[in-house]
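**Q** Structure of the sequence below:
(one chain, ligands or ions: 1)
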Amino acid sequence: MTSSAAAPADAIVVGSGPNGLAAAVTLARAGLSVHVIEGAATPGGGCRTEALTLPGFLNDVCSAVHPLAGVSPFFTGTDLAARGARLLTPKVAFAHPLDGGRAGAVAGSVDETAGGLGPDGRAYRRLVGPLVRDFPLILPTVMAPLRSVPGHPLAMARYGLEGLPPVSVLARRFRGPEVRALLAGTSAHAFLPLTAPLTSAFGLLFLMTAHAVGWPVVEGGSGRIVDALVGELISLGGRVETGRWVQDLGSLPPARAVLLDVTPRQFVAMAGSRLPARDRRELQRFRYGPGVCKVDWALAGPVPWQAPACREAGTVHVCGEFADVARSESEVAAGRHPERPFCLVAQPGVVDPSRAPAGKQALWGYCHVPSGSTVDMTERIEAQIERFAPGFRDLILARSVRTAAQMQQHNPNYIGGNIDGGAGTLWQTVFRPTVRWNPYRTGLPGVYLCSASTPPGGGVHGMCGNWAARTVLGDLGVRH
Ligand SMILES: Cc1cc2nc3c(=O)[nH]c(=O)nc-3n(C[C@H](O)[C@H](O)[C@H](O)COP(=O)(O)OP(=O)(O)OC[C@H]3O[C@@H](n4cnc5c(N)ncnc54)[C@H](O)[C@@H]3O)c2cc1C
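**A** Next comes the predicted model:
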């Protein structure tokens with residue numbers, strides 16, 4: 001990293017998460033000089049890898065599984081592999097164990113997956129097949145602010161019709177527990193009760209990505225994505241300054257544009273009385289979703305899942321049947337800690353042996369909890385895994401835990417432990433962060449938001465930063 005004593009830059013980016021860096025790289029590619037200012041000691045925000053448990057184990061501190069990076073127009077236009085970030089695709093994108101050693105699993109094409117789903121295979125093919133076929137037409141719209149006419153209205157209409165109702169309605173099309181559980185698991189990524197509108201859209205989007213690119217992990221850890229972006233930025237003359245928390249916009253060096261990889265709450269604090277009252281009020285109405293309690297483990301060996309599909313899956317959704325996931329998500333929404341929580345578990349070792357010493361495994365997992373929770377959910381998460389993988393507990397060599405409240409201490413963007421920049425409600429999916437035609441501009445000329453609190457929202461795809469940077473380039477009259 002570099003010191004701050006250098007010539008003023010055209011653009012300042014505050015925050016070096018995937019969106020801050022995507023913005024910085026997009027601006028630098030267009031010829032602007034860029035200075036990134038990061039509060040933490042290392043760049044990367046929600047995309048870092050550290051030895052959190054034991055020496056020799058590489059744990060992804062936040063993001064671990066990268067379907068969104070795999071399909072994102074920003075990342076597909078970036079030669080990540082050439083810069084050392086190789087996406088590795090597990091044989092099974094994700095699996096969902098059920099009691100009795102059964103599991104639903106998504107692997108390969110729609111036909112391959114449907115073949116393993118018994119009597120529900122035909123209905124799965126009918127629902128998911130056309131969406132996967134149209135995915136290249138749907139993708140540009142879901143990776144952009146949902147405020148303009150879609151480029152392919154028919155494909156979007158089909159996705160919208162299937163995606164708008166709650167997944168509790170969509171799941172009724174299936175008779176067996178497997179597909180219903182698969183839908184519950186992918187839809188629960190929305191952090192909403194499964195009876196909420198748009199939960200199907202989340203679930204179907206993640207299913208489409210699973211068939212389009214699998215759910216890859218990064219060889220050596222997610223942090224390599226950040227290394228690749230920082231490497232490109234520096235090669236283009238940009239610089240990254242770490243260890244400098246920005247509390248006040250007035251403390252920033254002069255620049256033609258300032259891009260903030262922070263959420264509305266932090267922006268309001270940084271802007272202070274400079275922000276017009278109306279803008280402040282609108283930003284203060286922005287809502288944050290539930291939090292997560294995260295656990296990383298060093299294991300003496302692979303998780304002994306009863307269901308064979310889970311042993312080959314990069315991601316395992318652990319909770320049980322649709323009703324179990326629904327109960328867990330409703331409890332979280334009601335401010336309670338579920339006794340049997342919905343857990344997301346990633347086992348990058350199924351495809352990346354570099355994550356742990358030979359024969360051992362680095363395991364990653366979290367469950368949803370109410371915003372700001374200080375409850376350590378380790379016991380309950382481990383009980384859920386043990387339920388589908390008897391003997392799991394005997395393999396634990398070490399663990400590292402972060403409650404939702406600690407998530408926010410680790411990264412101030414994770415308000416109350418909310419990891420995707422704000423609640424994924426219907427309103428905030430369309431009007432994120434406020435009702436502005438261009439959601440990246442703010443009430444302060446020359447100051448832009450570029451975090452996951454802007455469209456298209458949470459995840460490592462870089463598109464919030466990319467769109468914000470394109471807005472800046474347009475406003476500055478720079479060709480791109
Ligand atoms: C536990 C967990 C699991 C996740 N799993 C996945 C996953 O598997 N796949 C996936 O795609 N996504 C996942 N995510 C979500 C993903 O990490 C985020 O959506 C993504 O990182 C958002 O990027 P961002 O650039 O908007 O913000 P962030 O990544 O949060 O980066 C913001 C940066 O700004 C810095 N910053 C904030 N305020 C200031 C300030 N005042 N001054 C200076 N610097 C500041 C922060 O330190 C941070 O580095 C996960 C997140 C978490 C926490």
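**Q** Stretch 107-123: which residues count as buried?
**A** By 16 or more other C-beta atoms under 10 Å, the buried positions in stretch 107-123 come out as 107-108, 110, 113-114, 116-117, 120-121, 123. No exception for glycine: its C-beta is placed from N, CA and C like everyone else's.
**Q** From those residues, pick out the ones that also neighbour the ligand.
**A** Among these, no residue is within reach of the ligand (C-beta under 6 Å from any ligand atom).
**Q** Which of those sits closest to the ligand?
**A** If you rank these by distance to the ligand using C-beta to the nearest ligand atom, Ala107 comes first, at 18.5 Å.
**Q** what about Ala82, is that helix, strand or coil?
**A** Recorded secondary structure, Ala82: helix (DSSP: H, G, I helix; E, B strand; the rest coil).
**Q** From Gly421, how far out is it?
**A** For Ala82, the distance to Gly421 equals 29 Å [C-beta to C-beta, to the nearest Å].
**Q** Dump the buried residues of stretch 107-123 into JSON lines; add secondary structure as well.
**A** Conversion of these to JSON lines gives the following (three-state DSSP):
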{"residue": "Ala107", "secondary structure": "coil"}
{"residue": "Gly108", "secondary structure": "coil"}
{"residue": "Val110", "secondary structure": "helix"}
{"residue": "Thr113", "secondary structure": "helix"}
{"residue": "Ala114", "secondary structure": "helix"}
{"residue": "Gly116", "secondary structure": "coil"}
{"residue": "Leu117", "secondary structure": "coil"}
{"residue": "Asp120", "secondary structure": "helix"}
{"residue": "Gly121", "secondary structure": "helix"}
{"residue": "Ala123", "secondary structure": "helix"}
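**Q** where exactly do the helices run in the stretch 351-480 of the chain?
**A** With DSSP state H, counting those that start in this stretch, the ranges of helices along the stretch 351-480 of the chain come out as 378-388, 404-410, 426-430, 463-476.
**Q** just so I know, which of these lies nearest Thr195?
**A** helix 426-430 (12.7 Å; C-beta to C-beta).
**Q** Tell me the gap between the closest one and the middle of its chain.
**A** The chain centroid and the centroid of helix 426-430 are separated by 17 Å under C-alpha atoms, centre = their mean, to the nearest Å.
**Q** Dump stretch 282-290 to CSV, restricted to CA.
**A** Taking C-alpha atoms only, stretch 282-290 is exported to CSV below (Å, rounded to 0.1, in the frame of the first residue of the first chain):
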residue,chain,number,x,y,z
GLU,A,282,-34.7,9.8,2.8
LEU,A,283,-31.4,8.1,3.6
GLN,A,284,-32.4,7.7,7.2
ARG,A,285,-35.5,5.7,6.1
PHE,A,286,-33.2,3.0,4.5
ARG,A,287,-33.8,-0.3,6.3
TYR,A,288,-31.2,-2.9,7.3
GLY,A,289,-31.9,-6.6,7.4
PRO,A,290,-31.1,-9.3,10.0
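**Q** List the buried residues in that stretch.
**A** Those would be 282-283, 286, 288-290, for stretch 282-290 by 16+ other C-beta under 10 Å.
**Q** Ala82 and Gly421 - which one has more neighbours?
**A** The neighbour count for Ala82 versus Gly421, taken as other C-beta atoms under 10 Å, is higher for Gly421 (31 against 11).
**Q** what separates that one from the ligand, distance-wise?
**A** Gly421 sits 6 Å away from the ligand, going by C-beta to the nearest ligand atom, to the nearest Å.
**Q** Show me what from the stretch 101-250 of the chain comes close to the ligand.
**A** 245-246.
**Q** in the stretch 101-250 of the chain, which spans are strands?
**A** Remark: strands assigned in the stretch 101-250 of the chain by DSSP state E, counting those that start in this stretch are 102-106, 217-218, 239-241.
**Q** Pick the most buried one from those strands.
**A** Most buried of these by mean neighbour count (mean count of other C-beta atoms under 10 Å) is strand 217-218; its value is a mean of 29.
**Q** what residues does that strand touch?
**A** Under the contact criterion C-beta atoms under 8 Å, 6 or more residues apart in numbering, strand 217-218 has outside partners 64-66, 85-88, 90, 224-225, 314, 346, 348, 351-352.
**Q** who does it pair up with?
**A** The pairing partners recorded for strand 217-218 under DSSP bridges are strand 87-88 (antiparallel).
**Q** Need the CA coordinates for whatever helix or strand comes next after the partner strand. PDB is fine.
**A** Elements were assigned by DSSP states H and E; along the chain past strand 87-88, the next helix or strand is strand 92-98. C-alpha atoms of strand 92-98 as PDB (Å, rounded to 0.1, in the frame of the first residue of the first chain):
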ATOM      1  CA  VAL A  92     -22.200 -30.200  -7.000                       C
ATOM      2  CA  ALA A  93     -23.100 -26.500  -6.800                       C
ATOM      3  CA  PHE A  94     -25.100 -26.900  -3.600                       C
ATOM      4  CA  ALA A  95     -26.900 -29.600  -1.700                       C
ATOM      5  CA  HIS A  96     -29.600 -29.600   0.900                       C
ATOM      6  CA  PRO A  97     -29.600 -32.600   3.300                       C
ATOM      7  CA  LEU A  98     -32.800 -34.000   4.700                       C
END
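**Q** Check which helices and strands strand 92-98 is in contact with.
**A** Secondary-structure packing of strand 92-98 (3 or more C-beta pairs under 8 Å, 6 or more residues apart in numbering; DSSP states H and E): strand 102-106, helix 177-187, helix 199-213, helix 308-311, strand 313-318.
**Q** what's the least confident helix or strand in the protein, going by average pLDDT?
**A** helix 426-430 (a mean of 87; mean pLDDT, DSSP states H and E).
**Q** returning to what we had before: closest to the ligand among the buried residues of stretch 282-290?
**A** The closest of these, once distances to the ligand are taken by C-beta to the nearest ligand atom, is Gly289, at 11.6 Å.
**Q** got a list of what that closest one touches?
**A** Shown in contact with Gly289 (C-beta under 8 Å, 6+ apart): 191-192, 371, 418, 420, 422-424.
**Q** Around the closest residue to it other than its chain neighbours, how many other residues sit close by?
**A** Using C-beta to C-beta, 6 or more residues apart in numbering and skipping the chain neighbours, the partner closest in space to Gly289 is Ala423 (3.9 Å). Around Ala423 there are 20 other residues, counting by other C-beta under 10 Å.
**Q** does Ala423 really touch Arg285, like I thought?
**A** No: taking C-beta atoms under 8 Å as the definition, Ala423 is not a contact partner of Arg285, at 11.4 Å.
**Q** Name the residues that touch stretch 229-247?
**A** Stretch 229-247 has contacts (C-beta under 8 Å, 6+ apart) with 1-4, 6, 9, 14, 16, 18, 21-22, 24-25, 28-29, 33-43, 78, 83-84, 252, 269-270, 462.
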